[in-house]
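Colleague: how does the following fold in three dimensions:
(one chain, ligands or ions: 2)
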Amino acid sequence: MAILLGSIADDYTGASDLANTLTKNGLRTVQTVGIPDPSLAFPGVDAVVVSLKIRSVAADEAVAAARKADQWLRGRGAAHVLYKICSTFDSTDAGNIGPVTEALAQAAGGGIVLATPAFPETGRTVYLGHLFVNGRPLNESPLKDHPLNPMHDANLVRVLARQSQGAVGLVNLATVSMGPAAVKERLGALSARGMTAAIADAVFERDLEVLGEVALETPLSTGASGLGLGLARALVRAGRTSTHADTSDAIRPVGGLAAIVAGSCSAATLKQIEVAERSMPVLRLDTEKLLAGSDEISAAIAWAGERMSAAPVIVAASASPDVVSRLQARYGREASGHAIEAATATIAGELVARGVKRLVIAGGETSGATVDRLGIPAFLIGPEIAPGVPVLRTIGNSQGEMLMALKSGNFGGEDFFGAALAMMR
Ligand SMILES: Nc1ncnc2c1ncn2[C@@H]1O[C@H](COP(=O)(O)OP(=O)(O)OP(=O)(O)O)[C@@H](O)[C@H]1O
Ligand SMILES: O=C(O)[C@@H](O)C(=O)CO
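Modeller: Ligands and ions are numbered 1, 2, ... in the order given. Have a look, this model is predicted:
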């Protein structure tokens with residue numbers, strides 16, 4: 001069966017966020033990790049979200065991986081591909097949102113690309129091209145302290161232009177509120193002026209419904225889950241798919257032990273760990289010692305091994321912005337990030353080898369490293385734990401079926417970890 005909608009996600013948590021949104025809005029969706037092996041069949045699926053780990057790699061590497069995923073999706077019938085980026089537009093002046101969008105647009109035959117990270121359900125809105133995170137401009141939000149891509153400019157027209165070859169325009173809220181015809185006309189006018197991408201404002205879901213309808217008529221869009229919502233609703237409205245995607249199969253109990261591994265240093269994750277610490281054992285890794293080469297990894301595995309048969313445990317590298325800056329100043333931003341991701345992935349892998357079947361990971365890069373380490377090829381999408389975070393059921397991995405949740409750094413309420421474990425039996 002042909003895929004109705006394809007998506008290339010720039011990280012794994014973002015992929016599960018989008019897969020959750022598409023499922024909630026009526027598309028039967030599977031999340032794959034990279035391009036799936038031909039032996040994995042996905043009958044009766046409307047949408048496939050290919051998870052890549054290309055948010056924080058060199059732009060040429062991101063472009064090459066995205067192009068391959070795009071070819072695979074188009075080869076399976078996807079007439080529209082959504083390049084799923086972070087709702088906080090995580091990127092740097094070197095990319096990768098601009099270079100990947102331009103490469104995919106070129107492969108699709110050119111044309112202006114509609115782009116918006118708006119996702120109102122999680123407080124991400126775009127007005128006059130400026131991104132607000134829970135009402136605060138992006139550059140004043142906790143994203144200003146992100147360990148890998150601190151965001152210092154809320155004007156996305158400017159941000160995207162700095163990482164693009166082509167010029168970037170704006171489709172403002174006044175135009176979006178006039179409906180699909182007005183948006184199309186504006187895109188046509190921007191394209192006639194040589195613009196190759198346009199940031200679109202969106203404050204409410206109805207704005208994303210308008211943008212989804214317009215985007216669906218084009219081969220490519222760039223956005224977060226909000227645009228996914230718009231695309232899914234447009235497909236359902238057009239009668240091209242069912243209006244209900246069942247998640248009950250994905251949530252069947254798996255038993256086994258449960259653990260949480262956190263590498264996200266976002267304000268939300270730090271609070272969630274603090275709250276969880278009141279009811280479960282938490283090991284805070286000493287990341288300075290870890291980077292200095294001491295045996296923190298074995299110590300963490302032993303610590304968890306002694307406790308987790310009695311109750312779920314949390315192992316966290318997560319630290320406050322001042323600790324992160326200190327470490328980065330000494331070891332470099334990328335080197336420290338990657339070394340800690342490798343450590344948390346090793347710890348998670350060893351916990352799974354010791355009987356963990358229900359695993360929650362906090363942080364996009366952290367999730368990517370862990371899922372790769374576990375060799376998981378794909379996920380079925382279960383019910384939502386919190387906006388943007390579904391329960392996932394692994395498909396095709398050697399450890400047998402597991403339940404997982406990949407939590408984007410900034411997502412989830414204060415009791416996210418308790419809520420996740422309550423749904424994963
Ligand atoms: N104590 C620490 N000091 C420095 N870096 C750390 C520390 N703990 C974790 N890190 C690194 O910070 C980065 C956090 O990125 P990650 O994508 O996992 O979380 P996030 O950015 O909050 O999540 P998302 O991408 O979903 O928004 C990782 O590279 C991780 O290894
Ligand atoms: O869009 C978001 O905010 C998330 O899905 C994400 O990509 C964080 O890694």
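Colleague: contacting residues around the helix or strand harbouring S7?
Modeller: Element membership for S7, per DSSP states H and E: strand 5-9. Strand 5-9 is contacted from outside by 15, 18, 22, 27, 46-52, 66, 69-70, 73-74, 76, 78, 80-84, 100, 104, 228, 231-232, 235, using Cβ atoms under 8 Å, 6 or more residues apart in numbering. Yep, even glycine has a C-beta here, placed from its N, CA and C like the rest.
Colleague: need phi/psi at A386.
Modeller: With angles defined as degrees, to the nearest 10, A386 sits at phi -150, psi 160.
Colleague: how far away from the center of its chain is stretch 140-153?
Modeller: Mean-position distance between stretch 140-153 and its chain equals 17 Å (Cα atoms, centre = their mean, to the nearest Å).
Colleague: then it to CSV, C-alphas only?
Modeller: Output in CSV follows, covering the C-alpha atoms of stretch 140-153 (Å, rounded to 0.1, in the frame of the first residue of the first chain):
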residue,chain,number,x,y,z
GLU,A,140,14.6,34.5,26.4
SER,A,141,13.3,30.9,26.9
PRO,A,142,15.4,28.1,28.4
LEU,A,143,16.6,27.3,24.9
LYS,A,144,19.1,30.2,25.3
ASP,A,145,21.1,27.7,27.4
HIS,A,146,20.7,24.6,25.3
PRO,A,147,23.9,22.5,25.6
LEU,A,148,24.3,21.9,21.8
ASN,A,149,22.5,24.7,20.0
PRO,A,150,21.8,27.7,22.2
MET,A,151,19.1,29.8,20.5
HIS,A,152,19.8,33.6,20.6
ASP,A,153,17.4,34.9,18.0
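Colleague: which of the contacts of strand 5-9 fall within strands?
Modeller: Mapping these onto strands (DSSP state E) picks out A47, V48, V49, V50, S51, V81, L82, Y83, K84.
Colleague: list buried residues within those residues.
Modeller: Listed as buried from the ones in strands among the contacts of strand 5-9 are A47, V48, V49, V50, S51, V81, L82, Y83, K84; burial here means 16 or more other Cβ atoms under 10 Å.
Colleague: the fifth one and Y12 touch, don't they?
Modeller: Yes: because the distance of 4.5 Å satisfies Cβ atoms under 8 Å, S51 is recorded as touching Y12.
Colleague: what do these two both touch?
Modeller: In contact with both S51 and Y12: V33, G368, V371, using Cβ under 8 Å, 6+ apart.
Colleague: what's next to the helix or strand harbouring V371, contact-wise?
Modeller: Here V371, judged by DSSP H and E, is contained in helix 364-374. Residues outside helix 364-374 that contact it (Cβ under 8 Å, 6+ apart): 11-14, 33, 51, 53, 55-56, 86, 148, 261-264, 317, 337, 341-342, 344-346, 348-349, 352, 359, 361, 394, 397, 399, 406-409.
Colleague: select only the buried ones of these in ChimeraX?
Modeller: The buried subset of these, as determined by 16+ other Cβ under 10 Å, is captured in ChimeraX by this line:
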select :11,12,13,14,33,51,53,55,56,86,148,261,262,263,264,317,337,341,344,345,346,348,349,352,359,361,394,397,399,406,407,408,409
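Colleague: many thanks, we can stop here.
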